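Colleague: Got a predicted structure plus its sequence, pasted below:
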Amino acid sequence: MNKFTRGIITAAALTFSFGAFSLSANACGYNVGKLEIEHPWSRETPPNATVAGAFLKVKNQGDVEDTLVSAESPIAEKVELHAHVHENGMMKMRQVEGIAIPANGSEVLKPGSYHVMLFGMKEAPRDGETFPMTLNFEKSGSVDIQVSVKKVVKSDTKKDKMHHHH
């Protein structure tokens, strides 16, 4: 094997190794008990915003239902679990005591549905940053996660133009 061929093989090996490292470093999954938490994210908020929402997917690979009972984050004074409810012809957010994660199923916390609300934000994370959050489950215990902050670009769909009241 000549130097040129050896150099190409070495470069390819380094590229593959770096690529594998990058994939694992950017992994969005967290595990606690039989639960897997995927893709926790939040929208970028204006610098003076005092509230934010966090969203994620929880998969339960166990045979017993579990419940997300609370969440905490050092960047907020108070963190609550919320759901959107239809009330008097309007969609409103309301605090809930827990979010059930069905056995062998999943629950997606997303805009317009269940989500985590952060009140009294001490800082406004920017696009590309992350912030810590602890999720507390009734049966599986607690897990520390990092929530990725994304800038959300408005689209022209009717759904995106709908306004929700708190």
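Modeller: It's in.

Colleague: what about the strands in this protein?
Modeller: Counting by DSSP state E, the segments of the chain that form strands are 29-32, 35-43, 51-60, 66-72, 76-87, 90-95, 99-101, 105-109, 115-121, 130-137, 141-150.

Colleague: In the chain, which residue is most central in space?
Modeller: With distances taken as Cα atoms, centre = their mean, the chain has Pro40 as the residue nearest its mean C-alpha position (1.4 Å).

Colleague: got a list of what that residue touches?
Modeller: Taking Cβ atoms under 8 Å, 6 or more residues apart in numbering as the contact definition, Pro40 lies against 28, 30, 54-56, 133, 145-148. The way it works is simple: take the backbone N, C-alpha and C, and place the C-beta from them, glycine included.

Colleague: Who does the residue nearest to Glu38 when sequence neighbours are not counted form a beta bridge with?
Modeller: Computed as Cβ to Cβ, 6 or more residues apart in numbering, the closest residue to Glu38 that is not its neighbour in sequence is Lys57, at 4.4 Å. Going by DSSP bridges, Lys57 is paired in beta bridges with Glu38, Val108.

Colleague: Could you shift the numbering so residue one becomes 420, and keep it that way?
Modeller: Fine by me, first position is 420 from now on; the one you just mentioned is Lys476.

Colleague: what's near enough to touch the nearest residue to Tyr449 once chain neighbours are set aside?
Modeller: The spatial neighbour of Tyr449 that comes closest, neighbours along the chain excluded (Cβ to Cβ, 6+ apart), is Ile456 at 4.3 Å. For Ile456, the contacting residues are 448-450, 475-477, 554, 562, 564, by Cβ under 8 Å, 6+ apart.

Colleague: and of the residues you listed, the nearest to Ala522?
Modeller: Distances from Ala522 to those, taken as Cβ to Cβ, are shortest for Val477 (12.3 Å).

Colleague: The closest one: what's it in contact with?
Modeller: The neighbourhood of Val477, defined by Cβ under 8 Å, 6+ apart, consists of 454-457, 487, 518, 520, 525-526, 528.

Colleague: Just the buried residues from the residues you listed, in ChimeraX please.
Modeller: Taking 16 or more other Cβ atoms under 10 Å as the burial criterion, the selection of buried members of these in ChimeraX is written as:
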select :454,455,456,487,518,520,526,528
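
Colleague: Understood, closing this out.
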